[in-house]
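Q: What would the 3D arrangement of this be:
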Amino acid sequence: MNTRRPVEEALQRVHLPIESASGLPNSCYTEHSAFEQDRDTVIAPSWTCIGFGTDVPVNWAVPVDLMGYPLLITRDKAGTVRVFHNVCSHRGMKLVPEAGKLGTGLIRCKYHSWAYDFSGELIGTPSLGGADINEHKDFDPTVNGLKPIRSTVWMDNIFINLSNSGESFDEFLAPLMQHWSKWVTAESLNEFKPAATHGKLELVVKSNWKLAIENFLEAYHLPWVHPGLNSYSPLSQHYDIERGQNFSGQGSSSYTSPAGADGNLSTWPKEQLKYAEYPVLYPNTLLGLQSDHFFTMTILPLSETESLERVQLLFLGDVADADTHESHRQSILEGWREVFSEDIFAVEGMQQGRSSPAYQGGVFSPVMDQHTLHFHQWVANRFANGL
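A: Numbering: from 1, shown residues only. Coordinates of the predicted model:
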């Protein structure tokens, strides 16, 4: 029996005009094989956020599990962040089981004590050539270091390209930066700094990672899921931003800081101060650009039915770290905690609904769901490559 044909046909329906299209089939949200397919054909070739720079102090190593793959983030004494596969080149031992400072400056395997420096170079192979003989003429340590993963840090977000192929991160980011050029430059955006306090929150959601993305892409649900937010930033004052090759989302023309104006050090044009935009940088990076702060929400897939949402806030100038602005940071964080928590029942409810044989991808509002369909099509194109 050919089990691929129904999935292939369902993926084809995703590419129909929006009034006729269906979404991704249930199996894309419920089956472990589809979760692995997401990892290998959707996540791996893309630039994926796996953590924040503030997670990794100097001389630290932080392990990350990405959909079953053990990875390792390091930061050396010069401040350089690197990402490797978290596995010893010798016998495949997982090198670093938990985050911590490496006071010796070495990443040492607990099995045979092979040691690597923060650049991944293999610099210690005790008794490799026999008892107390640390070298061997037939073994070349220079080709047996840690296996690196292409990585970069942007807005304190650590991005990786797991497949180590494709476009550079600058090329990947360029369409979004071009879209935002009416408000910010790369230099002015980099003036935002991570909050010293009240800057992070985490939420575990019992849903497939893609449902969290889909929910963020549209403002259609605001009146019913976010009545408080809708009271001062109503659905009628939200708009669709342009759709790029690897991003889409929505914006608001009535943004008001929940903490007042004391934290607004923006140099934006006055007519833009009430605008805010909320794009998704595919596959898993949700962004919020406001005049007084910036946020990232990273969606980390834990399984086909569970995800971790990690949020970090950034502010301008001393608003990021001064004690006098602590209440501002706290107010912003609690405001987003409320909004993001309100979404949980919806994405979990959609996950539960994916078990119903009566639902096979659903339909789209021709007006309100343009970005949701755009994401489905982006995923479908990549998912189809693995069938």
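
Q: Toward the C-terminus, what is the element adjacent to the helix ranked longest in the chain?
A: Counting residues, the longest helix in the chain under DSSP state H turns out to be helix 326-342. Sequence order places helix 344-353 as the next helix or strand after helix 326-342, per DSSP states H and E.

Q: what packs against that next one?
A: If you count contacts as 3 or more Cβ pairs under 8 Å, 6 or more residues apart in numbering; DSSP states H and E, helix 344-353 packs onto strand 200-205, helix 209-217. Just so you know, the C-beta spots here come from the backbone N, C-alpha and C atoms, and that holds for glycine as well.

Q: who's in contact with the helix or strand following that helix?
A: Next helix or strand after helix 344-353 toward the C-terminus (DSSP H and E): helix 370-384. By Cβ atoms under 8 Å, 6 or more residues apart in numbering, the list of residues contacting helix 370-384 from outside reads 8, 11, 14-15, 18, 21, 23-24, 28, 34, 37-38, 41-42, 45-46, 210, 213-214, 217-218, 240, 243, 246, 248-250, 280, 282-283, 364.

Q: Name only those of the residues you listed that count as buried.
A: Among the contacts of helix 370-384, those buried by neighbour count (16 or more other Cβ atoms under 10 Å) are 11, 14, 21, 23-24, 28, 34, 37-38, 41-42, 45-46, 210, 213-214, 217-218, 240, 243, 246, 248-250, 280, 282-283, 364.

Q: okay, now the domains of this structure?
A: 49-152, 167-384 (automatic domain parsing).

Q: Send me the longest helix of the chain as CSV with only the CA atoms.
A: Taking Å, rounded to 0.1, in the frame of the first residue of the first chain, the C-alpha atoms of helix 326-342 are listed here in CSV:
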residue,chain,number,x,y,z
GLU,A,326,13.0,48.1,36.4
SER,A,327,9.2,48.7,36.7
HIS,A,328,9.1,49.5,33.0
ARG,A,329,10.8,46.2,32.1
GLN,A,330,8.6,44.3,34.5
SER,A,331,5.4,45.9,33.1
ILE,A,332,6.4,45.0,29.5
LEU,A,333,7.2,41.4,30.5
GLU,A,334,4.0,40.8,32.5
GLY,A,335,2.0,42.3,29.6
TRP,A,336,3.5,39.8,27.2
ARG,A,337,3.2,37.0,29.7
GLU,A,338,-0.6,37.6,29.8
VAL,A,339,-0.9,37.8,26.0
PHE,A,340,1.2,34.7,25.3
SER,A,341,-0.5,32.7,28.1
GLU,A,342,-3.9,33.5,26.6
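
Q: what's the average pLDDT for it?
A: In this model, helix 326-342 has an average pLDDT of 94.

Q: Just send the helices and strands packed on helix 344-353 back as a markdown table, with distance to residue 56 too.
A: Below are the helices and strands packed on helix 344-353 laid out as a markdown table (distance: least, Cβ to Cβ, whole Å):
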| stretch | distance to residue 56 |
| --- | --- |
| strand 200-205 | 14 |
| helix 209-217 | 23 |
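
Q: I'd say residue 208 and residue 304 touch.
A: Yes. Between residue 208 and residue 304 there is a contact under Cβ atoms under 8 Å: 5.8 Å.

Q: Between the two, which is the more surrounded one?
A: Each of residue 208 and residue 304 has its neighbours counted (other Cβ atoms under 10 Å); residue 208 has more, 28 against 23.

Q: And for the residue nearest to that one when sequence neighbours are not counted, the neighbour number?
A: Nearest non-adjacent residue to residue 208, counting by Cβ to Cβ, 6 or more residues apart in numbering: residue 29, 4.2 Å away. Here the number of neighbours of residue 29 (other Cβ under 10 Å) works out to 23.

Q: now the helix or strand hosting residue 29, how far from the chain's geometric center?
A: Using DSSP H and E, residue 29 maps to helix 27-30. Taking Cα atoms, centre = their mean, to the nearest Å, the mean C-alpha location of helix 27-30 is offset from the chain mean by 20 Å.
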